[in-house]
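**Student:** Fold the following, please.
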Amino acid sequence: VFALVGRGPQLVPVDAPATTVASTVATALLRSDDSDPQAERAWAETLAGIQSVKVPRVMVPESRIAGIGITTNTQVISRTEPLTDVATLAVKENDARMPLTVGRAMARRIVKEMAVNRTAKALNVDGQMGSIFRMAASAAWTGTEQADTRNWGLLPREIQVARVELPVGAHTLDFHPLDAAAMPFGTTHRIPVEVIDGKNTYLILIAPDQKIFVANAAEQ
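**Tutor:** Numbering: from 1, shown residues only. Here you go, the predicted model:
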């Protein structure tokens, strides 16, 4: 039995501070072989004014389920155990990449600021009107920034596994959501299983919380 247990990590938008490391990353991303000192001074001025940017951070939603109990004829025969802690891996990966993520967000902010300045020059808007135009355009553009949270939505919190040995023939297995104290709760899911001599039977279950769903059943 392979089980996708718990509600998996999700990306949520947060305001991240503009750190020195992130500023260095942003500058490295913007610099090219043909960068001139004037452009680099403009980047530095813009960087100094950035206090925070929106970035995605991993959040693991709460789910009561800690595993799946397996019974047949009311007799407990096994329970799933963690094989891979997806949520912890996602949190560590996100934290490790955060300086790069913040740096990229800062670089995008600078590119937008530079685009606004070029537009103001192209429109011959200068003086007080130019300042107002740049402030309004920059606020409108950067104010709509959103962190990219399109991924991670289908991942489980953990990938768990259980091995069950049964005699050849037809069986009915009951799968129960278990909480952290190994107590059953929620809805029991009953699955008929045919054990064939010389073959293994694989079940893939999805259990985000109190309900269990069968994703696949196969023999090999």
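
**Student:** N94 in helix, strand or coil?
**Tutor:** At N94 the chain is in helix, as set by DSSP: H, G, I helix; E, B strand; the rest coil.

**Student:** pretty sure it contacts V58?
**Tutor:** Yes: if you go by CB atoms under 8 Å, N94 and V58 touch, sitting 4.2 Å apart. All C-beta atoms are positioned from the backbone trio N, CA, C, and that covers glycine.

**Student:** ok, which stretches of this structure are strands?
**Tutor:** In the chain, the strands defined using DSSP state E lie at 2-7, 10-17, 52-59, 67-72, 75-79, 81-85, 156-161, 169-178, 189-195, 201-207, 213-219.

**Student:** The longest one packs against which elements?
**Tutor:** Spelled out, it's strand 169-178. Contacts defined by 3 or more CB pairs under 8 Å, 6 or more residues apart in numbering; DSSP states H and E place strand 169-178 against strand 67-72, strand 189-195, strand 201-207.

**Student:** what's across from V12 in the sheet?
**Tutor:** Note on V12: beta-bridge partners R57, judged by DSSP bridges.

**Student:** Could you check how far it is from K199?
**Tutor:** 44 Å (CB to CB, to the nearest Å).

**Student:** Could you do A48 as well?
**Tutor:** According to CB to CB, A48 stands 67 Å off from K199.

**Student:** low pLDDT regions in this structure?
**Tutor:** Scanning the chain for pLDDT under 70 picks out the ranges 32-36, 39, 115-153, 216-220.

**Student:** go again using 50 as the cut-off
**Tutor:** Along the chain, segments meeting pLDDT under 50 span 130, 133-134, 136.

**Student:** just so I know, which of the strands of the chain lies nearest A28?
**Tutor:** Nearest of these to A28, taken as CB to CB: strand 52-59 at 16.3 Å.

**Student:** And for P208, the neighbour number?
**Tutor:** Close neighbours of P208, defined as other CB atoms under 10 Å, add up to 18.

**Student:** from memory it sits against G6, does it?
**Tutor:** Yes: P208 sits in contact with G6 when judged by CB under 8 Å, with a separation of 6.6 Å.

**Student:** so what's T84 closest to, chain neighbours aside?
**Tutor:** I159 (4.3 Å; CB to CB, 6 or more residues apart in numbering).

**Student:** Might one say that the one you found is in contact with A87?
**Tutor:** No: judged on CB under 8 Å, I159 makes no contact with A87 at a distance of 10.6 Å.

**Student:** More neighbours: the two, which one.
**Tutor:** A87 (22 against 17).

**Student:** so who does that one touch?
**Tutor:** G6, G8, P9, V58, V60, R157, E158 (CB atoms under 8 Å, 6 or more residues apart in numbering).

**Student:** try it again with 7 Å
**Tutor:** For A87, the contact set (CB atoms under 7 Å, 6 or more residues apart in numbering) comprises G8, P9, V60, R157.
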